[in-house]
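>>> following is a predicted model, sequence given first.
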Amino acid sequence: MSLVEHDPAHRLWLLRTLSTAYAFRLDAAHRPRHVHWGGPLTLEQATQIADRRNPTDSSFDEPGEERLELPAEGGAFFGVPALAVRFADGTSALEWTYAGHQIDSGTLVVRLRDRHYPLEASLYYRVHADTDVIERWTLLRHLGSEEPISLLRTDSASWTFPRRAGARLSRTSGAWSAETGLYREPLPIGETTLTSRRGVPSHQVNPWVMLDAGDATETHGEVWSTALAWSGSWRITVERSHTGRVTWTGGFGHENVSWRLMPGESWETPVFAGLYSDGGFGETSRSWHAYVRAHVLPHPGELRPVVYNSWEATGWDVDEPTEKALAAAAAVLGAELFVMDDGWFGDRSGDTAGLGDWIANAERFPAGLAPLVDDVHARGMQFGIWVEPEMVNPDSDLYRAHPDWVLHMANRERTTLRNQLVLNFARHDVADWAHKWLDTLVGEYGIDFLKWDMNRAFTEAGWPDAGEDASRLWIDHVRAVHALLDRLRADHPHLRIQACAGGGGRIDLASLARTDEVWASDNTDAADRITIQHGYGQVYPPGTMSAWVTDSPNPLTGREAPLSFRFHVAMAGALGLGGDLPRWDASELREAAAFVALYKEIRPVVQHGALYRLADPAESALTAVQYVLGDEVVVFFFRRPADYGRPLTPPRLAGLDPAARYRDQDGAVHHGAVLLSHGLDVDLPGSGYGSALVRLTRIE
């Protein structure tokens, strides 16, 4: 069965995914209009969905029920435009004529041209046979030879929520060290805009949304969701009309930022992917995870190594003897990757100086980095290092030599945040400089891993030399970062990279396409991490989420928690260690080594298995997450402090065969039907922080 079909008589296209269908058509004015997104349909069935009239239509509203696939000014459209342009004579309305289409396996391209002006828009759709995710993006071409066209808004796609009795929006909200808090709220009448104007996706909100009728649960109900593959500023606007229409549109950039499309030039937007599921929020998440592993990650089959990062042990006090001592301790615990964090380069004794001077500090590393790298490799670990290529301190040799390389505006102050400024990677000379020193660093020392950080938002995002095209830096900077990551990976196939932006400020599908894992938050407090990880896993798979076990009391929050609790929470993702190991006593070190060994046994299930969220941490003091891979099952139970004596309902397991039996790590046998209907009792004494890990193996 073809993934994409076309009915010329009805001017309709049907896209099939693993278990859903998507359809749209051209109306009499050649405007693409949405027809269906949901359960499977045949092409004949899709043609039976007629253009419907809304009984409340008037001369003050857009007629009909079918919404535009890429709404733009022109005709009776009064909603949020996905595409806004201005031609040289001031005209901004668009009138399309159909210019043909192309189907290549699972990719559909529909071309539209303006009836008068030299603008062509190609609407791209891509589907895969093994996923329900639909990838959409847009390509604009200037077909003329004279005046530029102003691009005021260029979204990747618009999506339509079918008419339902209600509408609810799911999204994240947060801040530094409190990322990915999950919110599910009734969608208000009007326009709800989620956006980042910071140059990165941001800690405050992540570029995805989910829509349901207000009746979906973790295990049941229809959910429509979309995620933007872009690592810079973005905007998604969800619109709900008084008459019940719900649509949303999204793409890169934000308000008051525009670009010029020059004659002969093309402008391509990032992928804005969509997914429909009738299995509730849980199945929605599992479908996104499977898609990311199959079609986004560069090395999806790999297992993420157990990392040790030196930051919380040393802070800025980095030198060769200290790092070697930490590497020795980490190797004993079973770490597989040792990462030296900030403080190894230039005049870097704090955050006020040195960024941009990427040469090892001669006093701290008198023979360079080679002795440390060799020592780490000799202990059987990979070596990783922290870098922040996009930043510079004003107190640095680089800035003194090239003050024009940073984002700045003429006749305006240069705001420093964290005592640093942002380098303008839209400049080819800056991007080339960054590639040169990174390529040398990785190649000369045989570095295996980069922790790529980015610790401040854009301010004064100008480029005086670029004139009218200065706003393009918002896009071109990110494209240059992507290109640099792609080039480094091509030149050094062994290199693996972690995406970080002060923790979770740069989490998106485009980052995951170029990196191997994400540092989800600078907050390593296990209690807070339960909530952070709950929100992260709504779209992104646990195997991409680096999580550390650090000291107690926690360096950020001061909260104390048992070592077992800290390990269990971190083991629910890609396990890392970040504590001051020389201060741990012998019993803690033995316990830690045992947990690391145990994690290596269950790692394939956690990192590559299907995730089931068994309880919402916002609703219960006892929560649990479960992973299933083949016949293997891993369940983590977490309890946060609760009133003594308050009963805790054991979460029911999921994703099991009710007719099968499962043996746990202690030899006890459980019937699948009982686990699914009554859960599993675990011993969590006391009322403070407690946790448990249960391993199950299907035996028949």
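Alright, I've got the coordinates.

>>> other SSEs contacting the longest helix along the chain?
Longest helix of the chain, by residue count under DSSP state H: helix 586-608. When contacts are defined as 3 or more C-beta pairs under 8 Å, 6 or more residues apart in numbering; DSSP states H and E, helix 586-608 packs onto helix 320-333, helix 563-570, strand 574-577, strand 622-629, strand 632-639, strand 690-698. Using the backbone N, CA and C atoms, a C-beta is placed for each residue, glycine as well.

>>> of all those, which one comes closest to residue 586?
When those are compared by C-beta to C-beta, helix 320-333 sits nearest residue 586, at 11.3 Å.

>>> kindly export the next helix or strand after the closest one (C-alpha atoms) in CSV.
Next along the chain after helix 320-333, taking DSSP states H and E as the criterion, comes strand 337-340. Only the C-alpha atoms of strand 337-340 are listed here, as CSV (Å, rounded to 0.1, in the frame of the first residue of the first chain):
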residue,chain,number,x,y,z
LEU,A,337,33.4,8.2,30.3
PHE,A,338,35.2,10.8,32.3
VAL,A,339,34.3,14.4,31.5
MET,A,340,36.3,17.4,32.7
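
>>> so what's the model's average confidence on strand 337-340?
Taken as a whole, strand 337-340 carries a mean pLDDT of 98.

>>> over to stretch 69-81?
pLDDT averaged over stretch 69-81 gives 88.

>>> repeat for stretch 263-273
For stretch 263-273, the per-residue pLDDT averages 98.

>>> may I see the buried residues of it?
267, 269, 270, 271, 272, 273 (16 or more other C-beta atoms under 10 Å).

>>> can you tell me the SS state at the first one?
Same thing as residue 267. Following DSSP: H, G, I helix; E, B strand; the rest coil, the label given to residue 267 is strand.

>>> check the last one too.
The three-state label given to residue 273 by three-state DSSP is strand.

>>> follow-up on the earlier one: restrict the longest helix of the chain to CA atoms and write it as CSV.
Presented in CSV, the C-alpha positions along helix 586-608 are these (Å, rounded to 0.1, in the frame of the first residue of the first chain):
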residue,chain,number,x,y,z
ALA,A,586,33.8,3.4,52.0
SER,A,587,30.3,2.1,52.4
GLU,A,588,28.9,4.8,50.0
LEU,A,589,31.6,3.9,47.4
ARG,A,590,30.7,0.2,47.7
GLU,A,591,27.0,0.9,47.3
ALA,A,592,27.6,3.2,44.4
ALA,A,593,29.8,0.6,42.6
ALA,A,594,27.0,-1.9,43.0
PHE,A,595,24.4,0.4,41.6
VAL,A,596,26.6,1.2,38.6
ALA,A,597,27.0,-2.5,37.9
LEU,A,598,23.3,-3.0,38.3
TYR,A,599,22.5,-0.2,35.9
LYS,A,600,24.8,-1.7,33.2
GLU,A,601,22.6,-4.8,33.4
ILE,A,602,19.3,-3.0,33.0
ARG,A,603,20.6,-0.2,30.7
PRO,A,604,19.3,-1.7,27.4
VAL,A,605,15.8,-1.9,28.9
VAL,A,606,15.9,1.7,30.3
GLN,A,607,17.5,3.3,27.3
HIS,A,608,15.8,1.4,24.5
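
>>> can you tell me which of the buried residues of stretch 263-273 is closest to residue 652?
residue 273 (31.2 Å).

>>> which residues touch that closest one?
Neighbouring residues of residue 273 by C-beta atoms under 8 Å, 6 or more residues apart in numbering: 133, 134, 135, 136, 226, 227, 228, 229, 291, 509.

>>> go with 7 Å
Listed by C-beta atoms under 7 Å, 6 or more residues apart in numbering, the contact partners of residue 273 are 133, 134, 135, 226, 227, 229, 509.

>>> if we can go back for a sec, can you list the helices and strands packed on helix 586-608 in a markdown table and add mean neighbour count and distance to residue 436?
Shown next, in a markdown table, are these (neighbours: other C-beta atoms under 10 Å; distance: least, C-beta to C-beta, whole Å):
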| stretch | mean neighbour count | distance to residue 436 |
| --- | --- | --- |
| helix 320-333 | 19 | 25 |
| helix 563-570 | 23 | 36 |
| strand 574-577 | 26 | 30 |
| strand 622-629 | 23 | 42 |
| strand 632-639 | 23 | 44 |
| strand 690-698 | 20 | 46 |
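
>>> circling back to that earlier point, and which of the buried residues of stretch 263-273 is nearest residue 609?
Using C-beta to C-beta, those come closest to residue 609 at residue 273, 22.4 Å.

>>> what's across from that closest one in the sheet?
On the basis of DSSP bridges, residue 273 is bridged to residue 135, residue 227.

>>> which of the contacts of residue 273 sits closest to residue 698?
Nearest to residue 698 among the contacts of residue 273, with distances taken as C-beta to C-beta, is residue 133, at 28.8 Å.

>>> can you report phi and psi for the closest one?
Backbone torsions of residue 133, given as degrees, to the nearest 10, read phi -70, psi 130.

>>> so where is this structure shaky, pLDDT-wise?
Residues of the chain meeting the criterion pLDDT under 70: 50-60, 63-65, 645.
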